[in-house]
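S.K.: I would like to see how this sequence folds:
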Amino acid sequence: MTDKNLRITEDHAGRRLDNFLFNVYKSLPKSKIYNMIRKGEIRVNSGRIKPSRKLNLDDEIRIPPYLINFDENEVIIKIPPSRIKEYWKSILFENNDYIVFNKDPELSVHSGSNNQFGLIDISRAAHESDEIDLCHRIDKSTSGCIVLAKNKKFLRNFHTQLKDDKITKKYEAILMGQFKGNQRIETKIDSSTKEFLHKVQEGSEGKAAISEFKLINNLGSYSHVEILIFTGRMHQIRVQSANINLPIVNDKKYGDF
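M.R.: From the prediction side, this is the model:
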């Protein structure tokens, strides 16, 4: 058997490799796709790549032989009507190009081993459209606004504006301890492979992470702060808060809770 190459068209340019493959092989476990990328069975333009790699027009994705005749026999994800109803109530804004959704804490954006379905599955079911895609992500335990694109043109435009720093990313958090004044934090953050790239820690060899912390109010032993981030590293705010000994309240990964 020979390999198969998928050529990226304009409709899919700008998408992450993993999201593109999730859409092509809907019934294939995400863990399997990540494993194939990690082993180099899936490549882009003959080279090894990361799952987060953004696809460009005319990129060629190498697909291993055993997936060429892969029969989807797709398992339909059934979303409870109650979740669809909750979804509609949480939409803050919608037009022909995008949706602004108010995500509750503990709602994952993607399905996974502990989640039968995620926000993207609920949204596609509610709108009856597979074209809907996430413009960005926030942690499962984080609440707040998340933007979903209704078409590839808007998705590409959103990512371009992110890259050009034309979109402000603002968060609020409750920190354990007394935060004083305003502080710009510039660090480097390393990702550890020990926990499927979810363990992030400070390190001199990592990628630059820049945030601005501004005090909103002191709450006794706690501090209510506003945080602007200028880079998008995994767990950036959580890591930097813990690094100044003011972890986010109830953060069991980086705080002592």
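
S.K.: after the top helix by length along the chain comes which helix or strand?
M.R.: What stands out as the longest helix in the chain, according to DSSP state H, is helix 152-163. Next helix or strand after helix 152-163 toward the C-terminus (DSSP states H and E): strand 169-176.

S.K.: tell me the buried residues in that next one?
M.R.: Neighbour-count burial for strand 169-176 flags Lys169, Tyr171, Ala173, Leu175, Met176 (criterion: 16 or more other C-beta atoms under 10 Å). All C-beta atoms are positioned from the backbone trio N, CA, C, and that covers glycine.

S.K.: so what's the first one closest to, chain neighbours aside?
M.R.: It refers to Lys169. Leaving aside its chain neighbours, Lys169 sits nearest to Ile229 (4.9 Å; criterion: C-beta to C-beta, 6 or more residues apart in numbering).

S.K.: and the one you found, what does it touch?
M.R.: For Ile229, the contact set (C-beta atoms under 8 Å, 6 or more residues apart in numbering) comprises Lys169, Tyr171, Ala209, Ile210, Ser211, Gln236, Ile237.

S.K.: the residues you listed in strands, which ones?
M.R.: Among the contacts of Ile229, the members falling in strands (DSSP state E) are Lys169, Tyr171, Ala209, Ile210, Ser211.

S.K.: need the phi and psi values for the residue lying closest to the second one once chain neighbours are set aside.
M.R.: Excluding the flanking residues, the one nearest Tyr171 by C-beta to C-beta, 6+ apart is Ile227, at 4.6 Å. Main-chain torsions, Ile227, degrees, to the nearest 10: phi -130, psi 130.

S.K.: domain parsing for this protein?
M.R.: As recorded under automatic domain parsing, the domains making up the chain are 4-67, 81-163, 169-243.

S.K.: report the contact partners of the residue nearest to Tyr171.
M.R.: By C-beta under 8 Å, 6+ apart, the residues touching Ile227 are Lys170, Tyr171, Glu172, Ala173, Ser211, Glu212, Phe213, Lys214, Ile237.

S.K.: so where is the chain shaky, pLDDT-wise?
M.R.: For the chain, the stretches flagged by pLDDT under 70 are 1-4, 66-77, 112-114, 191-204, 257.

S.K.: how close does the most centrally placed residue in it get to Val109?
M.R.: The geometric centre of the chain, computed from its C-alpha atoms, lies nearest to Arg137 (C-alpha atoms, centre = their mean), at 3.2 Å. With distances taken as C-beta to C-beta, to the nearest Å, Arg137 is found 5 Å from Val109.

S.K.: now for those two: what residues contact both?
M.R.: Ile146.

S.K.: just checking, Ser90 touches Asn102?
M.R.: Yes - judged on C-beta atoms under 8 Å, Ser90 makes contact with Asn102 at a distance of 4.6 Å.

S.K.: in the protein, what residue spans correspond to strands?
M.R.: Under DSSP E, the chain gives strands at 4-7, 43-44, 60-63, 91-94, 98-103, 133-134, 144-149, 169-176, 182-192, 199-202, 207-219, 222-229.
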